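Asks: Next one to model:
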Amino acid sequence: SDPAVIARALDMGITYFDTARSYQQGNNERMVGAVLKDARNRITLSSKSQAKTKADAAQHLETSLKELGTDHLDIWYMHARDSAEAITDENLEYWTAAKKAGKIRFIGVSTHNPNNIVDRVMSAGVFDVLLSTYNFTVGTNNDAAYKRLKDAGIGLVAMKVMAPAAGSRGRGGAPATPAGAPE
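Replies: The predicted model follows:
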């Protein structure tokens, strides 16, 4: 919520910035766009949409582009897709059309459960990037899915690397806090 943090990150050489339509009820995209407007050609910019229909996806993308002050996103994620059924043919069709139109460079999907969607992502044949939780609480549970995606040339972006995801405490055989660390 503090534009000074974004400006400082840019000054320090950060070049990947990620936001979403849903962050801060859309205000985050507006703030990120205002701070990064003069650096657009030097950064990688991504956003996400939870749209379920083509009409909603079209509206979300146009709003994101306007709020971010750009004519394209580098990565546009289907946001919070934790089941194969959440990746609909309708969404795949719109994201693919947006890419062909030059409004997005890469098609992405974000998930907390890559094992649940890896088959759908692979069979769809359109995804360029997967964004997923990766931290010490995950353990090795997702390694096979990540390997399949990597071997298929699908980029992997880690999220929540410094903090456990809600509800993941102790999952994956790893303790939620390192031995001896305060809770």
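
Asks: Check which residues of the host helix or strand of Thr96 are buried.
Replies: Taking DSSP states H and E as the definition, one finds Thr96 inside helix 89-100. Buried residues in helix 89-100, counted by 16 or more other CB atoms under 10 Å: Asn91, Leu92, Tyr94, Trp95, Ala98, Lys99. Every C-beta, even on glycine, is put in place using the N, C-alpha and C of the backbone.

Asks: Ok, stretch 69-82 next?
Replies: For stretch 69-82, the neighbour count (16+ other CB under 10 Å) marks Gly69, Thr70, His72, Leu73, Asp74, Ile75, Trp76, Tyr77, Met78, His79, Arg81 as buried.

Asks: so the fifth one, which of the three states?
Replies: Of the three states, Asp74 takes strand according to DSSP: H, G, I helix; E, B strand; the rest coil.

Asks: What pLDDT does the model give it?
Replies: What the model reports as pLDDT for Asp74 is 98.

Asks: same deal with the second one?
Replies: For Thr70, the pLDDT comes out at 98.

Asks: Disregarding residues adjacent in the polypeptide, which is nearest to it?
Replies: Nearest non-adjacent residue to Thr70, counting by CB to CB, 6 or more residues apart in numbering: Arg40, 5.6 Å away.

Asks: Run through the helices of this protein in chain order.
Replies: 3-11, 27-36, 54-68, 89-100, 114-124, 143-151 (DSSP state H).

Asks: Turn those helices into JSON lines, columns for distance to Ser47.
Replies: Output for the helices of the chain, formatted as JSON lines (distance: least, CB to CB, whole Å):
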{"stretch": "helix 3-11", "distance to Ser47": "14"}
{"stretch": "helix 27-36", "distance to Ser47": "6"}
{"stretch": "helix 54-68", "distance to Ser47": "5"}
{"stretch": "helix 89-100", "distance to Ser47": "12"}
{"stretch": "helix 114-124", "distance to Ser47": "19"}
{"stretch": "helix 143-151", "distance to Ser47": "21"}
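
Asks: any idea how far the top strand by length along the chain is from the chain center?
Replies: The strand that spans the most residues within the chain, counting by DSSP state E, is strand 104-111. On the basis of CA atoms, centre = their mean, to the nearest Å, strand 104-111 sits 7 Å off its chain's mean C-alpha point.

Asks: Stretch 64-78 too?
Replies: 12 Å.

Asks: likewise stretch 20-36?
Replies: 14 Å.

Asks: What residues of it count as buried?
Replies: Ala20, Arg21, Ser22, Tyr23, Asn28, Glu29, Arg30, Met31, Val32, Gly33, Val35, Leu36.
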